[in-house]
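In: sequence first, predicted model second:
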Amino acid sequence: MTFFITLILLFVAQMLTAQDLIPYRDNAGKWGFCDKQKRIRISPRYDGVRWFSEGYAQVNIGGNMNNGHGYAEGGKEGFIDSTGKEVVSPHYEEVQTLSDGYAWVKVGGKWGVIDRTFREVLPPRYEEVWNFSHGYAWVNFAGKWCLIDRNGKEIIPPRYQDVRQFGNGQMWVNFGGKWGFINTIGQEVISPHYDNIENLFAGTSFSYKYLHVKFGGKWGLVDSIGKEVVAPLYDRIEQYSGSYLKVNIGEKWGIIDTTGKEIVAVRFDDVYCFSANLILARNNSRWRLIDRSGKEILQSIYDDIGSLHEGIALVKANGVWGLIDSTGREILAPKYQSIISFKNGIAAVQMNGEWGFIDRSGKEVIPIQYEEVSHFQNGIVAVRVFGKWGFLDQAGKEVLSPRYERIFPCQKCRYAVVLYNGQWCLIDSTRNVILSTHYDWISSFYSGFAEVNVGGEYEDRYGGRITGGRFGLIDSTGKEVIPPLYTGRVGIVDFTTTITRVNMGGKNNPYLVSSVHGGKWGWIDRKSMNVVNTHYDFIGELDDGFALIAINNKYGLVDSSCKEVLVPHYDTIYFWSKHYQGSIYAFVTMNGQYGYVGTDGTEYWEGGYTDSQIKQQLTRKKEQKK
């Protein structure tokens, strides 16, 4: 008993010691390990190493670590402990990380298993292997798949040509080109007879409940225990709504439930979910509503029926639009040229080329007399009459009389951007001018900011556009956050809840980061509204709390508070991930050499700098340039 306790304590101590070890490279390109203070703990003598797992690390002789993967390719591999002792000399072609006390090893193109004591539990004899799960693993022997336990005992003998495991844990096997289903102890629940098996519900709520099976060219469904719940009768099966499925035979569609019971016969050109109890069905370009029993609720008098919004759906007949409710009852007979979906109980309608508004009962609450209208925002709507824009409230009362050449309402503000007598201004709901500007253009606000332009030419078409001039940025108070100095657009992109990425002088669409080229990147501190660090050539998206930055084709990292945790002076940053005590380490290249660097700036290679040393070096370079 004392022996086993001592053994356990030694193993725990080994693991705790190993947790503090970080891969380290010397100038000769050899790898070992050091601690966080860069004190060498295992001298560099290997061509590649991996991080410690369960107290041991994989090491490589003769391979190449310079690949951006963080591990060596080629050569021979073995294991060392936290003292640097080779518990397994590097003689395997490949070794996998220890997991639950076992690791796969490869010799002569074949895989075997060693345990935590590095005793060969299974001799190398398998062409392909899966990791052990719950004590079992699938392996390929002589072209056939079988299931073995950790002792190599064959639970299922080699007989299957292929195996597939799906996200719901189901295991399907192929024998003679046909697919069947086995349970967790290897018993065939469904003998192999299906032509194909697929998870065509991926990304839906059915993904872990049902799988598609194909037999005789038709699709059916099996449940999570392998029971066939829908016979293979259909050309396509799609999730419809709730526990209902949309099925297809030829060019016709119907509805079934998950037991295979037919709810709506397969006789329609298409079917859609209209409401919880009603189905929208189309035949010969005419639409009707039917209930779950297949009873017709609304006859096919409409050319089109839209989706429900706020309990109301648009219907079209003879080229004009009306309204029905969620039960199919006609609220408003079709009479309008166009109806825009309801928002907060009000919808814009068009008749004879002019616009107005109706409520949910179909009553006109704002007369149809306007040339153009926008959506309601903060209880007001922009309208145009005789070429001029103004604001109305929901009762149709004028908030701002139509007198402006252009209006951009602010979604989260109590004012608007307007163009009046050729001058751009910010005004409030009482027509008070908050800010009379000298700008030749102001965009609508996005995330509390608006682009401004000086010297450009504004064209009141295509929704209004500006060409030429110089661009800047203002905040919601009219404060000039970025002066109009840039020939390219100034775009903003949300970075965190308190920080906004901003691009100055870039080309193309400034609101899509992936399409911005050129210019400089920085941040706007949403608390102080100050622009900071506007000197980056690139700022990436946050990933695991960090974002890539670049200056002159050199890369670094910032955290979510925009603190520069790695100065941009690396040729490439391949990835960053958590290791010892949750610390983040990035795998980088610099001057053709590869290595790890911590987010405190410590470079874990011979001659590598600490963060303070890097900053001192860059400061000296800047001073020398001056």
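Out: Yes, it's here.

In: list the contacts of the closest residue to residue 357 other than its chain neighbours.
Out: Distances taken as C-beta to C-beta, 6 or more residues apart in numbering put residue 366 closest to residue 357, at 3.9 Å, once the chain neighbours are dropped. Every residue, glycine included, has its C-beta placed from N, CA and C. Listed by C-beta atoms under 8 Å, 6 or more residues apart in numbering, the contact partners of residue 366 are 356-357, 381, 392, 396.

In: recalculate using a threshold of 7 Å.
Out: 356-357, 392, 396 (C-beta atoms under 7 Å, 6 or more residues apart in numbering).

In: then residue 454?
Out: 439-440, 469-470, 484.

In: which strand residues bridge it?
Out: residue 470 (DSSP bridges).

In: give me every residue that touches residue 21.
Out: Here residue 21 is in contact with 33, 35, 41, 52, 82 (criterion: C-beta under 7 Å, 6+ apart).

In: let's see that with 10 Å instead.
Out: 32-36, 41-42, 49, 51-52, 57, 82, 84, 579-580 (C-beta atoms under 10 Å, 6 or more residues apart in numbering).

In: nearest residue to it other than its sequence neighbours?
Out: residue 33 (4.1 Å).

In: number of nearby residues for the one you found?
Out: Neighbour count of residue 33, defined by other C-beta atoms under 10 Å: 25.

In: pretty sure it contacts residue 24?
Out: Yes - contact criterion C-beta atoms under 10 Å: residue 33 and residue 24 qualify, at 5.7 Å.

In: mutual contacts of those two, please.
Out: 40-44, 49, 604.

In: tell me the one of those nearest residue 347?
Out: For those, the residue nearest residue 347 by C-beta to C-beta is residue 604; the value is 62.9 Å.

In: quick one: residues contacting that closest one.
Out: 22-25, 33-36, 38, 585, 595-598.

In: switch the cut-off to 6 Å
Out: 22, 24, 595-596 (C-beta atoms under 6 Å, 6 or more residues apart in numbering).

In: ok, residue 255 next?
Out: 240, 244, 263-264.

In: mind redoing it with 10 Å?
Out: 240-241, 244-247, 261-266, 268, 271, 273, 279, 281, 290, 292, 294.

In: am I right that residue 359 is in contact with residue 394?
Out: Yes - counting by C-beta under 10 Å, residue 359 touches residue 394, with 9.2 Å between them.

In: find the residues that touch each one of these two.
Out: Listed as contacting both residue 359 and residue 394 by C-beta under 10 Å, 6+ apart are 345-346, 365-366.

In: of these, which is the most crowded?
Out: residue 366 (23 neighbours).

In: next, that residue: secondary structure please.
Out: strand (DSSP: H, G, I helix; E, B strand; the rest coil).

In: quick one on the thing from earlier: what subset of the shared contacts of residue 33 and residue 24 is buried?
Out: 41-42, 44, 49, 604 (16 or more other C-beta atoms under 10 Å).

In: quick one: end-to-end length of stretch 180-187, please.
Out: 11 Å (C-alpha to C-alpha, to the nearest Å).

In: could you do stretch 48-68 as well?
Out: End-to-end for stretch 48-68, by C-alpha to C-alpha: 12 Å.

In: how far does it sit from the chain's center?
Out: 31 Å (C-alpha atoms, centre = their mean, to the nearest Å).

In: list the buried ones in that stretch?
Out: 48-61, 63, 65.

In: among those residues, which one lies nearest to residue 100?
Out: residue 54 (8.4 Å).

In: so who does the closest residue in space to the closest one that isn't next to it in sequence touch?
Out: Spatial nearest neighbour of residue 54, chain neighbours left out: residue 98 (4.4 Å); criterion: C-beta to C-beta, 6+ apart. Going by C-beta under 10 Å, 6+ apart, residue 98 touches 52-58, 79, 104, 114-116, 118.

In: ok, now with 7 Å
Out: 53-54, 56, 116.

In: closest one to residue 590 out of the residues you listed, please.
Out: residue 53 (27.0 Å).

In: was I right to think that closest one contacts residue 97?
Out: Yes - contact criterion C-beta atoms under 7 Å: residue 53 and residue 97 qualify, at 4.7 Å.

In: that older thread, select from the contacts of residue 454 the one having the most neighbours.
Out: residue 439 (24 neighbours).

In: if we can go back for a sec, distance to residue 197, secondary structure and pLDDT for the contacts of residue 366 - can I get that in CSV?
Out: Formatted as CSV, the contacts of residue 366 follow (distance: C-beta to C-beta, whole Å; DSSP: H, G, I helix; E, B strand; the rest coil; pLDDT from 0 to 100):
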residue, distance to residue 197, secondary structure, pLDDT
356, 56, strand, 95
357, 54, strand, 95
392, 59, strand, 89
396, 61, coil, 88
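
In: what pLDDT does residue 461 get?
Out: Reading off the confidence values, residue 461 has pLDDT 60.

In: residue 568 now?
Out: At residue 568, pLDDT is 93.

In: what is the burial count for it?
Out: Neighbour tally, residue 568, other C-beta under 10 Å: 22.

In: can you check residue 224 too?
Out: Counted with other C-beta under 10 Å, the neighbours of residue 224 add up to 13.

In: surely it meets residue 211?
Out: No - if you go by C-beta under 7 Å, residue 224 and residue 211 don't touch, sitting 8.5 Å apart.

In: report pLDDT for the residue nearest to residue 403 when sequence neighbours are not counted.
Out: Using C-beta to C-beta, 6+ apart and skipping the chain neighbours, the partner closest in space to residue 403 is residue 388 (5.3 Å). Residue 388 carries a pLDDT value of 92.

In: which residues does residue 388 form beta bridges with?
Out: residue 385.

In: and it, how many neighbours?
Out: As a burial measure, residue 388 scores 16 neighbours (other C-beta under 10 Å).

In: pull up the gap between it and residue 55, please.
Out: 78 Å (C-beta to C-beta, to the nearest Å).

In: swap in residue 302?
Out: Taking C-beta to C-beta, one finds residue 302 at 71 Å from residue 55.

In: what do you get for residue 608?
Out: 26 Å.

In: likewise for residue 175?
Out: For residue 175 relative to residue 55 (C-beta to C-beta), the value is 41 Å.

In: ok, now residue 181?
Out: Residue 181 is 39 Å from residue 55, by C-beta to C-beta.

In: can you pull the contacts of the nearest residue to residue 570 once chain neighbours are set aside?
Out: Leaving aside its chain neighbours, residue 570 sits nearest to residue 588 (4.3 Å; criterion: C-beta to C-beta, 6+ apart). When contacts are counted by C-beta under 7 Å, 6+ apart, residue 588 touches 570, 572-574, 595, 597.

In: three-state assignment of residue 588?
Out: strand.

In: tell me what it is bridged to.
Out: residue 573, residue 595.

In: quick one, grab the pLDDT at it.
Out: At residue 588, pLDDT is 95.

In: which element follows the lowest-mean-pLDDT helix or strand in the chain toward the C-terminus?
Out: For the chain, the helix or strand with the lowest mean confidence is helix 2-19, at a mean of 47 (criterion: mean pLDDT, DSSP states H and E). Using DSSP states H and E, the helix or strand that follows helix 2-19 in sequence is strand 22-25.

In: now do that following strand: which elements does it pack against?
Out: When contacts are defined as 3 or more C-beta pairs under 7 Å, 6 or more residues apart in numbering; DSSP states H and E, strand 22-25 packs onto strand 31-34, strand 40-46, strand 593-598.

In: contacts for stretch 559-574, please.
Out: 68, 496, 499, 523, 532-533, 542, 545-546, 548-551, 554-558, 586-590, 597, 599, 601, 614-615, 618.

In: do stretch 416-432 as well
Out: 399-400, 403-410, 414-415, 433-437, 439, 441-442, 444, 450, 478.
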